[in-house]
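Undergrad: Following is a predicted model, sequence given first.
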Amino acid sequence: MTSPVETLTQRVQAALVAAFGEEYAATDPLIRPSQFADYQANVAMSLAKRLGHTVRLPDLSGIGLKLVGGRLLPGPDTPAAFFMYEGASGERFTLYVAPLKAAQTSLRYAARDKLGSFFWVDQGLSYVVIGTPDRGRLQDVAEAIYAQIDGEPLRKHAALD
């Protein structure tokens, strides 16, 4: 009989292959006992190793968004992480995270056509949040992500441009 950990590992590995391709077949999804449930999967840690940085996956349920997908993408020099979130109304926001050797920047806004974006660099990673042209809503999403990544509210940490 197969153990629950083996079964979960096989299923998460199959999901990784479906999402990212065959080169992720051997990725350890880090299935471990949990104090909050029978088991938990820390697969984001395994994927972060490929990125070369720790990447925290923001929980945006507090602002009405759920994670609907993610990918590891080829970047100019290194892999990049890409996550998509969706609200109940169907609105979508994406988060792109890639290593970048650049000085830390404050949050910046740009808009073009029917999309808006906020972007910043912090601790060797660049972040881009793309979504609705509604700057207020997009800023709420960017600030929620920033607070979880950096551990403190954005307005107390960096100026908005």
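TA: Sure, I can see it.

Undergrad: residue ranges for the helices of the chain, please.
TA: Listed in chain order, the helices of the chain (DSSP state H) span residues 4-20, 43-51, 135-150, 154-157.

Undergrad: CA atoms only for the third one - export them in CSV, please.
TA: In this case it means helix 135-150. Below are the C-alpha coordinates for helix 135-150, written out as CSV (Å, rounded to 0.1, in the frame of the first residue of the first chain):
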residue,chain,number,x,y,z
ARG,A,135,-5.2,52.7,-10.3
GLY,A,136,-6.8,52.6,-6.9
ARG,A,137,-7.7,48.9,-7.1
LEU,A,138,-4.3,48.0,-8.7
GLN,A,139,-2.5,50.0,-5.9
ASP,A,140,-4.5,48.0,-3.3
VAL,A,141,-3.3,44.8,-4.8
ALA,A,142,0.3,45.9,-5.1
GLU,A,143,0.4,47.2,-1.5
ALA,A,144,-1.1,43.9,-0.3
ILE,A,145,1.7,42.0,-2.1
TYR,A,146,4.4,44.3,-0.9
ALA,A,147,3.3,44.1,2.7
GLN,A,148,3.5,40.3,2.6
ILE,A,149,6.8,40.2,0.9
ASP,A,150,8.5,42.9,2.9
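
Undergrad: show me where pLDDT drops low in the chain?
TA: 16, 19-21, 24, 29-30, 32, 34-56, 151-161 (pLDDT under 70).

Undergrad: Domain-wise, how is it divided?
TA: Using automatic domain parsing, the domain parsing of the chain gives 1-41, 54-157.

Undergrad: and those as CSV, adding mean neighbour count?
TA: The way it works is simple: take the backbone N, C-alpha and C, and place the C-beta from them, glycine included. Output for the domains of the chain, formatted as CSV (neighbours: other Cβ atoms under 10 Å):
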stretch, mean neighbour count
domain 1-41, 13
domain 54-157, 16
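
Undergrad: just so I have it, where are all the strands in the protein?
TA: 31-33, 39-41, 65-74, 79-87, 92-99, 108-112, 115-122, 125-131 (DSSP state E).

Undergrad: what residues are up against the residue nearest to G75 when sequence neighbours are not counted?
TA: Spatial nearest neighbour of G75, excluding adjacent residues (Cβ to Cβ, 6 or more residues apart in numbering): A98 at 4.7 Å. Residues in contact with A98 (Cβ atoms under 8 Å, 6 or more residues apart in numbering) are 51, 75, 78-81, 125-126.
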